[in-house]
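In: Generate coordinates for the sequence data below:
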Amino acid sequence: LAFHQHVFDNAWVVLGDGAALNVYTPVAGGGAKLEKTVHFHDGFVSWTVVRNGGFDADGEPLAPTCLHSVDSAVPSVEFREY
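Out: Numbers count the residues shown, from 1 in each chain. So this is what the prediction gives:
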């Protein structure tokens, strides 16, 4: 899995019905932990405020809010967003 981190406020809209994403956080040694599976409907809107560039007061990345990886939970449905 490839992890990415959000450092700015962000918004996105899901295009199409039936998609779902597995959300992972990194663990020591380079692994990943499944945090949750999120199901979407057409037109779902996400708005996330990212505080302090995505880091807590000690400089650790905020996971899974800002630092995470995702993959498709429904391989037969393409996840599309704008």
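In: Same question for stretch 18-38: list its buried residues.
Out: 19, 21-26, 32 (16 or more other Cβ atoms under 10 Å). C-betas here are computed from N, CA, C, even on glycine.
In: Narrow the residues you listed to those in strands?
Out: 21-26, 32 (DSSP state E).
In: How about the contacts made by the nearest residue to Tyr82 once chain neighbours are set aside?
Out: Leaving aside its chain neighbours, Tyr82 sits nearest to Val13 (4.9 Å; criterion: Cβ to Cβ, 6 or more residues apart in numbering). Contact analysis of Val13 by Cβ atoms under 8 Å, 6 or more residues apart in numbering lists 43-46, 81-82.
In: Report the separation between Val13 and Glu81.
Out: 6 Å (Cβ to Cβ, to the nearest Å).
In: ok, back up a step: can you name the two of the ones in strands among the buried residues of stretch 18-38 that are farthest apart?
Out: Leu21 and Pro26 (16.4 Å; Cβ to Cβ).
In: closest to Phe8 among the contacts of Val13?
Out: Out of the contacts of Val13, the member with the shortest distance to Phe8 (by Cβ to Cβ) is Ser46, at 13.9 Å.
In: give the contact list for the closest one.
Out: 10-13.
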